[in-house]
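Peer 1: Build me a model from this:
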Amino acid sequence: MYLTFLNVPQLERQGADLQTKIEELQINNQSLRENDKLKEDALAHISDQLLVLSERIYNS
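Peer 2: So this is what the prediction gives:
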């Protein structure tokens, strides 16, 4: 037989702390995804510009 003692207030605090950390990580993750999308868009734009310049040089 096992006897377990639970410190409910401490468990509630730990749960709240974990929830706060999870929310912070979700916000950080969303920010990183948005930054990644901006970088992808910028890279695509630069690639398009390079293609246009290459065609101009080739057709000159």
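
Peer 1: Helix or strand for the residue sitting nearest the centre point of the chain, just tell me which one.
Peer 2: Centroid-nearest residue in the chain, with C-alpha atoms, centre = their mean: N29, separated by 2.5 Å. For N29, the element it lies in under DSSP states H and E is helix 8-59.

Peer 1: Now do that helix, average pLDDT.
Peer 2: Averaged across helix 8-59, the pLDDT comes to 96.

Peer 1: What helices and strands are in contact with that helix?
Peer 2: Contact partners of helix 8-59 among helices and strands, from 3 or more C-beta pairs under 8 Å, 6 or more residues apart in numbering; DSSP states H and E: none. Placement of C-beta: from N, CA and C, glycine included.

Peer 1: From the chain's centroid, how far away is that helix?
Peer 2: Relative to its chain's centre, helix 8-59 lies at 5 Å (C-alpha atoms, centre = their mean, to the nearest Å).
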